[in-house]
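predicted model follows, preceded by the sequence.
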Amino acid sequence: MTLGWAELLGDAAAPEPEESRRGLFRRLRGGLSRSRTALAERIAAIRFDPDDDETWQELEEALILGDVGVQAAGELVQRLGRRRSIDDLGTALAEEVAGLFGPPPRLDLAHKPAVILVVGVNGTGKTTTIGKLASRLTASGRSVLVGAGDTFRAAAEEQLEVWAKRAGADFVGSNKGQDPAAVAFDAIEAGIARGHDVVIIDTAGRLHTQTNLMEELIKVRRVIERRLPGAPHETLLVLDATTGQNGLQQAKIFSQAVQVTGVVLTKLDGTAKGGIVIPIAYDLGLPVKLIGVGETLDDLRPFDAADFGRALVGGDPGEDTAAD
Amino acid sequence: MFDALADKLQGVLGGLRKSGRLDEETIGKAMREIRLALLEADVNFKVVKEFVESVRERALGQDVLKSLTPGQQVVKIVHEELAALMGQGDSRLAFGRPPTVILMVGLQGSGKTTASAKLALRLRKEGKNPALVPVDLARPAAIEQLEQLGKQIQIPVYRSELRDPVAVAREGLERARAEGIDVLIVDTAGRLHVDEALMAELVAIRDATKPMNILLVLDAMTGQEAVTVAEAFQQQVAFDGVILTKLDGDARGGAALSVKAVTGKPIKFASVGEKLDQLEVFHPERMSSRILGMGDVLSLIEKAEEAIEADDAVEMEKRMRSGEFTFDDFLQSYRMLRRMGPLKGVLGMIPGLGKQMEGLDVDEKQMARVEAIILSMTPKERRTPHLINGSRRLRIARGSGVSVQEVNKLLTARKEMQKMMKHLGKGKMPALSPQALGRAGRR
């Protein structure tokens, strides 16, 4: 069964409309009628013969084409090779992919306020993700405040404010060039004073190689922790699904700097299916918590490993929603 | 940026270089390593296959086996093929009857808005009179973003009250014509290549503005998908070139290799930093050298040229190549380096240093101390460093307020640099310890 918001947020299960779940899978597959993923296409084209080395090599290449990476592709192929029999290659592979991820993710919101820090390189969709997440959290009955910690990019504050309004969330603004740690501090102060359930803090996109900017981020985290011990309760790394092998490096360095607790995989509505999260989850043990599958408010979803596996390798979509 | 790939190829071909003989097995081994390295660098796997095949064919060819140094021959072949894959020569923009329109297209988050502002600034530096028109009506505050950037660089941004991107673009073009603007940069909304409605809108904007240049803005961190994206944009709007963004990260940038190979369109510019003047012309040959760890002397010299007088640049290059390196040169290059921007980026361009720069942090403050030490030397001492004996060292240390040890470190650093320059002149690069380099830059 596809993971729902209630499970992710640790709420008593409010039944989610079947339709929204069904729609999700279709979206996740990304207009499949028109554009099957290159990876799915290749896998579908493989005439699978376990005794033929060529087949295994084709399979490995297909996985590499999905940005899974040379190492993780090798691991997947090995795992498949250990299976006694394979009825359907796509289904078997999807299962192995799902198996590389840990247990279903949870967002830790059992604090008042729960603080979520959002980080990532430039252009991955941090601000948009925050807008959608805030909207989802207010819909779940929580009061939310968002803090505009991106004080570098032109008009980042304005962009977040628009999203906050749409989501019905409280907003703490900032001035351009202001110390982002001070903005984070103000946001938490305001969150506590106004009795909000969740405080989400945006940060400027930064390349993980820029030492001074990573130092700045470490400071933001430190200031948050000092103001509210135990916070941030979630530090989410936003990762673009089109990212290649550099994503692993991003995850590694951001984790070292600010102890990332989960990944948000965005822009899954294209043909890229974000295979890079496989080595991220497998090598670094970093859970994927949310996925972005489109531009509207509802297009942020809890990550479901089985769905992801099927979408990536193009398993049969007919049964999975029926299996709910 | 491509450092990791360079390291890998260096690792494989370094061994090949030493072995005088080249057989099918050695080549096969090297090719497997190259294939793996390129795949890990996100080069599209079809491109990798073809690349490795053409290198193998040439490497096994008669001329290689007959040559005295087959290992070096293979390095040369890989270098040439790599450069060929990325395209030939640097590519200029096309200009017609003003206003020339440049249409910026790409996926969400690839950096179109920032690249638009950077390109405008670059064009103005070249003597053009550019303006910007934001037709991204989808993303919240996208127009404000471009307006704020425009204000920073004092380039007009044509904001419109219209709600249709095509109409906004058309209006911008009319304004540009009326105001005597010669280049109009149209910043479009990010869109997925599979979104038919939005791609159709892009075609409509193109038809309304008749751009001389359509530039695809592509994130250097893009994975295998780069090819799919480039092919789709190519089919639907037929772009003329690529701006590669976020190249200042450590992405190996395989996307750069793939896109040219599959679309035939050159990468024209590379964005190498967050500051608005950090958009550079993309040089495939230089990038190829860089991938192979041969360094990027040309770019280095070009940067130097921007920072120093032209005569000095020629003189500097001559000196670098002659292997002569006095404290006067030391001081001059130090000052030049500091004008050229963050030291780490500059040093990364020096042949053979890419690998050694890893984990090395250059303390910019320490550089001021180095300058003080050199300034405490007499002109004669600077020209002929071997004169500097114990008592002179003591005097220099006192004069610059540092310990004798620090003076000693600097003396050693100069020797190492001179050694490096000598090798550079011969086109070889010795392994240089980070300590040796660090001596000059930090405690």
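Done, it's in. Numbering: from 1, shown residues only, chains lettered A, B, ... in the order given.

residue farthest from the centroid of the chain?
I went with chain A, as the question did not name one. A:D51 (37.2 Å; CA atoms, centre = their mean).

wrong one, chain B
Outermost residue of chain B (CA atoms, centre = their mean): B:S391, 45.3 Å.

and that residue, how far is that from B:E381?
Per CB to CB, to the nearest Å, B:S391 is found 12 Å from B:E381. All C-beta atoms are positioned from the backbone trio N, CA, C, and that covers glycine.

for chain B, give me its nearest residue in the stretch 201-324 of chain A.
A:G244 (2.5 Å; CB to the nearest CB).

could you check how many residues crowd around that residue?
Around A:G244 sit 30 other residues, with neighbours defined as other CB atoms under 10 Å in any protein chain shown.

what's the answer for B:G399, then?
14.

residue contacts, it?
B:S376 (CB atoms under 8 Å, 6 or more residues apart in numbering or on different chains).

double-check that it belongs to a helix.
Yes. Assessed by DSSP: H, G, I helix; E, B strand; the rest coil, B:G399 belongs to a helix.

for chain A, what's the nearest residue on chain B?
Closest point on chain B to chain A, by CB to the nearest CB, is B:G223, at 2.5 Å.

not counting its neighbours along the chain, what's nearest that residue?
A:G244 (2.5 Å; CB to CB, 6 or more residues apart in numbering or on different chains).

quick check: domain ranges of chain B?
B:3-86, B:100-283, B:299-441 (automatic domain parsing).

pretty sure the residue farthest from the centre of chain B sits in a helix.
Yes. Under three-state DSSP, B:S391 sits within a helix.

who touches it in this structure?
Contacts of B:S391 by CB under 8 Å, 6+ apart: none found.

how much space between it and B:T412?
Taking CB to CB, one finds B:S391 at 19 Å from B:T412.

do A:M214 as well
From A:M214 to B:T412 the distance is 32 Å (CB to CB).

higher neighbour count, the two?
A:M214 (19 against 14).

what about the strands in the stretch 51-200 of chain B?
Here the stretch 51-200 of chain B has its strands, by DSSP state E, counting those that start in this stretch, at B:100-106, B:130-134, B:183-187.

apologies, that question was intended for the stretch 151-300 of chain A.
Going by DSSP E, counting those that start in this stretch, the stretch 151-300 of chain A shows strands at A:170-172, A:198-201, A:234-240, A:262-266, A:288-292, A:300-302.

what mean pLDDT does the second one have?
Model confidence over strand A:198-201 averages 98 on the pLDDT scale.

what's the most buried one of the strands of the stretch 151-300 of chain A?
Mean neighbours per residue, mean count of other CB atoms under 10 Å in any protein chain shown, is largest over these for strand A:198-201, with a mean of 30.

can you list the strands that that strand pairs with?
strand A:114-119 (parallel), strand A:144-147 (parallel) (DSSP bridges).

which residues does it contact?
Residues contacting strand A:198-201 (CB under 8 Å, 6+ apart): A:109, A:113-118, A:130, A:133-134, A:137, A:142-147, A:149, A:169, A:183-184, A:187-188, A:191, A:220, A:224, A:232.

again, 6 Å this time
A:113-117, A:130, A:134, A:137, A:142, A:144-147, A:149, A:184, A:187-188, A:191 (CB atoms under 6 Å, 6 or more residues apart in numbering or on different chains).

below-threshold pLDDT in chain B: ranges please.
B:1-23, B:61-73, B:75, B:88-91, B:252, B:285-317, B:319-321, B:323, B:336-365, B:423-443 (pLDDT under 70).

what residues does it have near chain A?
Contact residues, chain B versus chain A (CB under 6 Å from any CB of the partner chain): B:36, B:39-40, B:42, B:45, B:109, B:111, B:140-141, B:144-145, B:148-149, B:192, B:194, B:221-225, B:228, B:249-251.

go through the domains of chain B and pick out the most buried.
domain B:100-283 (a mean of 21).

near chain B, which residues of the stretch 151-300 of chain A are found?
Looking at chain B, the residues of the stretch 151-300 of chain A close enough under CB under 6 Å from any CB are A:154-155, A:158-159, A:162, A:207, A:209, A:242-246, A:270-272.

can you do 8 Å?
A:152-156, A:158-159, A:162-163, A:176, A:207-211, A:240, A:242-247, A:249-250, A:267, A:269-272, A:275-276, A:295 (CB under 8 Å from any CB of the partner chain).

show me how to select, in ChimeraX, the buried members of the residues you listed.
Command for ChimeraX, covering only those of those found buried under the criterion 16 or more other CB atoms under 10 Å in any protein chain shown:
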select /A:152,153,154,155,156,158,159,162,163,207,208,209,210,240,242,243,244,245,246,247,249,250,267,269,270,271,272,275,276,295
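
for the residue of the stretch 1-150 of chain A found nearest chain B, grab phi and psi.
Nearest residue of the stretch 1-150 of chain A to chain B, counting by CB to the nearest CB: A:G123, 3.0 Å away. Main-chain torsions, A:G123, degrees, to the nearest 10: phi 80, psi 20.

what sits against it?
Contacts of A:G123 (CB under 8 Å, 6+ apart): A:205, A:240, B:108-111, B:219, B:246.

which pair of the residues you listed spans the longest distance?
B:Q108 and B:K246 (13.9 Å; CB to CB).

isn't A:A164 up against A:G131?
Yes. Between A:A164 and A:G131 a contact is recorded at 7.2 Å, counting by CB atoms under 8 Å.

for the stretch 201-350 of chain B, which segments count as helices?
In the stretch 201-350 of chain B, the helices defined using DSSP state H, counting those that start in this stretch lie at B:225-237, B:254-263, B:284-291, B:297-307, B:310-322, B:327-339, B:343-347.

which residue is the nearest non-sequential neighbour of B:K151?
B:V157 (7.9 Å).

right, and the strands of the stretch 151-300 of chain A - which one's nearest B:E280?
Short answer: strand A:234-240, nearest of the strands of the stretch 151-300 of chain A by CB to CB, at 23.4 Å.

please compute how far that closest one lies from its chain's middle.
6 Å (CA atoms, centre = their mean, to the nearest Å).

and it, C-alpha only, in CSV?
This file holds the C-alpha atoms of strand A:234-240, laid out as CSV (Å, rounded to 0.1, in the frame of the first residue of the first chain):
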residue,chain,number,x,y,z
GLU,A,234,14.3,17.5,10.8
THR,A,235,17.0,18.7,8.4
LEU,A,236,15.8,18.0,4.8
LEU,A,237,18.1,18.0,1.8
VAL,A,238,16.3,18.9,-1.3
LEU,A,239,17.6,17.0,-4.4
ASP,A,240,16.7,17.5,-8.0
